[in-house]
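Student: Sequence first, then the predicted structure, then my questions.
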Amino acid sequence: MLNLIPAPRGSVHMQEGSVKLPETVTVSLGDFAPWCLEAFAARLDGHVETAENGFITLKKADIAKEGYKLTVTKDGITVEAADESGAVWALTTVTELTAEGEALPIVTIEDAPHYGHRGLSLDCSRHFFTADEVKKVIDQMTRVKLNVLHWHLVDDQGWRIECKTLPLLHETTGTYYTQEEIRSVIEYARVRGMEIIPEIDMPGHTRSMIAAYPHLSCFGEKTELCQFGGIFEKILCPGKDETFEFIEKLLTEVCALFPDDRFHIGGDEAPRTRWEKCPKCQARIRTEKLKADKNHTAEDRLQSYCMTRIEKLLNSKGRQIIGWDEILEGDVAPNATVMSWRGSAGGIKAAQLGHDVIMTPNDYCYFDYYQSEDTRHEPFAIGGFVPLEKVYSLNPTASLTEEQAKHILGTQANLWTEYIPTSEQVEYM
Ligand code: ACM
Ligand code: ZN
């Protein structure tokens, strides 16, 4: 048995014997870009050099995306992969097999992921984690070959991203990532074959936005940042044109920072109670002819209007949107990817409608829930109970036809941090 998580999906052939990595590991890069060695070199404290006839030889081969074939012999290692990310995962396997100073077994491994999206979301609003702490999370993700960090950067409790054109956003919160720090985290992830998806949650969970710019809410009253969790009624006013002008300015700046093409616009837990009373929201409902039916209120349709308008804006910047499953209430923005969190039902419905889906059902994937029933000996948590066996038992395509299952891009664990104040606890959860 190999001590590898996740277990390789292809073949594993072990033979007698083992081989130690040399003090300095030489690598022949072949046609691969040098960045694919960065994380490997970091894990070996820099004892990695490129060379003509290296101990490790990288070779391009016709292998699935992110897949690799790793051949370990007494005399050296061959890595075959189609792309740099495949090489990154092969070299991750090498350091996982040598963890704690062990020699590598003589072995041939073929491995490739089942899903292209293997994510973790990290909430850096409720509690702030420094750029170095986020990089530490990325390192942990890399060890188990996760390839997407969904970065929840803003919420009611804090705005964590420097915004030069709208500086009250970060100034009002006070603890945030500078743009330089954001860039350094993105680059750190990039050379680990990892995509970062930023989330700017709208129109709910926007209290930190409204604390900075009160005119964005329906009634414009002064609002404080809040310390505690819960759902706040005071959210963005989609009745005002200024709200969309603001969002455009904001997203233009955030898109300029994040190079990958996917962008999460939230959409969850947006109470429509104030929209019901707001003359501007009601005027928008009239001018846009948004109609209630037996399943949806006119205010539900107003949220769809809001999300669709943001989607168009982001599409014009070459971005594809992701939203929480609430975006299915009303008219879904047509090209949206749905992140199913209130169980799997939203994901199933979305896949049936032909949307791409990322499965993050809370009953399997919420890593802020208790993981033991002996809660007295666990750090205080938000509630719930999701032990490891439950996580492993998730079948993200259960009850879908083969055709619908093609829309499931993958799965993701979500780590909300209302009750997670330290980087150590993040790692524990
Ligand atoms: C969520 O947990 N509100 C997406
Ligand atoms: Zn309003």
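Tutor: Great, that's in hand. Numbers count the residues shown, from 1 in each chain. Ligands and ions are numbered 1, 2, ... in the order given.
Student: nearest residue to the spatially most central residue of the chain other than its sequence neighbours?
Tutor: The centroid of the chain falls nearest to H150 when counting by CA atoms, centre = their mean (1.9 Å). Distances taken as CB to CB, 6 or more residues apart in numbering place S121 nearest to H150, at 3.7 Å, with adjacent residues excluded. Placement of C-beta: from N, CA and C, glycine included.
Student: Backbone dihedrals for that neighbour, both of them.
Tutor: The phi and psi torsions at S121 (degrees, to the nearest 10) take the values phi -100, psi 140.
Student: picking up where we left off before, help me confirm that the residue nearest to the centre of the chain is found in a strand?
Tutor: Yes. Counting by DSSP: H, G, I helix; E, B strand; the rest coil, H150 is found in a strand.
Student: Could you number the chain from 443 rather than 1 from now on?
Tutor: Understood, numbering begins at 443; the last thing we discussed is H592.
Student: What separation is there between it and ligand 2?
Tutor: 29 Å (CB to the ion, to the nearest Å).
Student: Spell out which parts of the stretch 643-792 of the chain neighbour ligand 1.
Tutor: Neighbours of ligand 1 within the stretch 643-792 of the chain, by CB under 6 Å from any ligand atom: D710, E711, W766, W783.
Student: Of all pairs in these, which one is the farthest apart?
Tutor: E711 and W783 (10.0 Å; CB to CB).
Student: Looking at those two, which one has more neighbours?
Tutor: The neighbour count for E711 versus W783, taken as other CB atoms under 10 Å, is higher for W783 (24 against 16).
Student: how many neighbours does the closest residue to that one other than its chain neighbours have?
Tutor: Leaving out its chain neighbours, the residue that sits closest to W783 by CB to CB, 6+ apart is T802, at 5.2 Å. By other CB under 10 Å, 27 other residues sit near T802.
Student: go on, the one 10 residues further on?
Tutor: Burial of Y812 is recorded as 18 neighbouring residues (other CB under 10 Å).
Student: wait, it sits on F822?
Tutor: No. The criterion here is CB atoms under 8 Å, and Y812 misses it with F822 at 9.5 Å.
Student: follow-up on the earlier one: find residues that contact each of E711 and W783.
Tutor: Both E711 and W783 are in contact with W766, where contact means CB atoms under 8 Å, 6 or more residues apart in numbering.
Student: what does whichever helix or strand A698 is part of rub up against?
Tutor: Here A698 sits within helix 683-699, counting by DSSP states H and E. For helix 683-699, the external contacting residues (CB under 8 Å, 6+ apart) are 603, 605-608, 611, 621, 624-625, 628, 640, 642, 644, 655, 657-658, 678-680, 705, 751-752, 755-756, 759, 761.
Student: Then stretch 747-762?
Tutor: Residues from elsewhere that reach stretch 747-762 (CB under 8 Å, 6+ apart): 644-645, 678, 680, 686, 689-690, 693-694, 697, 703-705, 707, 709, 726, 730, 732, 763, 765, 769, 773, 775, 777-779.
Student: which among these end up buried?
Tutor: Neighbour-count burial (16 or more other CB atoms under 10 Å) applied to these gives 644-645, 678, 680, 689-690, 693, 697, 704-705, 707, 709, 726, 732, 763, 765, 769, 773, 775, 778-779.
Student: Quick check: strands, which of these are part of them?
Tutor: M644, R704, F705, I707, I763, G765, T779 (DSSP state E).
Student: is it fair to say A855 lies in a helix?
Tutor: No. Using three-state DSSP, the secondary structure at A855 is strand, not a helix.
Student: That one touches T802, doesn't it?
Tutor: Yes. Using CB under 8 Å, A855 is in contact with T802, at 7.2 Å.
Student: Common neighbours of those two, please.
Tutor: Common contacts of A855 and T802, defined by CB under 8 Å, 6+ apart, comprise G561, S563, Y808.
Student: What strand or helix carries the first one?
Tutor: Looking back up the chat, that one is G561. According to DSSP H and E, G561 maps onto strand 559-565.
Student: Okay, now the unreliable bits of the stretch 443-592 of the chain?
Tutor: Low-confidence regions of the stretch 443-592 of the chain, defined here as pLDDT under 70, do not occur.
Student: Indicate the residue of it located nearest to ligand 2.
Tutor: When scored by CB to the ion, the stretch 443-592 of the chain has S567 as its residue closest to ligand 2, at 23.4 Å.
Student: what about that residue, how many neighbours?
Tutor: Using other CB under 10 Å: S567 sits among 24 other residues.
Student: Are we agreed that it is in a strand?
Tutor: No. In this structure, S567 is coil, not part of a strand, as judged by three-state DSSP.
Student: one step back: make a ChimeraX selection of the buried ones in the contacts of helix 683-699.
Tutor: To isolate the buried ones among the contacts of helix 683-699 in ChimeraX, judged by 16+ other CB under 10 Å, type:
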select :603,605,608,611,621,624,628,640,642,644,655,658,678,679,680,705,751,752,755,756,761
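Student: Narrow the contacts of helix 683-699 to those in helices?
Tutor: L611, Q621, I624, R625, I628, R751, I752, L755, L756 (DSSP state H).
Student: Identify the farthest-apart pair in those.
Tutor: Among those, the pair separated by the greatest distance (CB to CB) is R625 and R751, at 28.5 Å.
Student: How about the residues of the stretch 643-792 of the chain by ligand 2?
Tutor: C660, C679, G681, C720, K722, C723 (CB under 5 Å from the ion).
Student: No further queries at this time; thank you.
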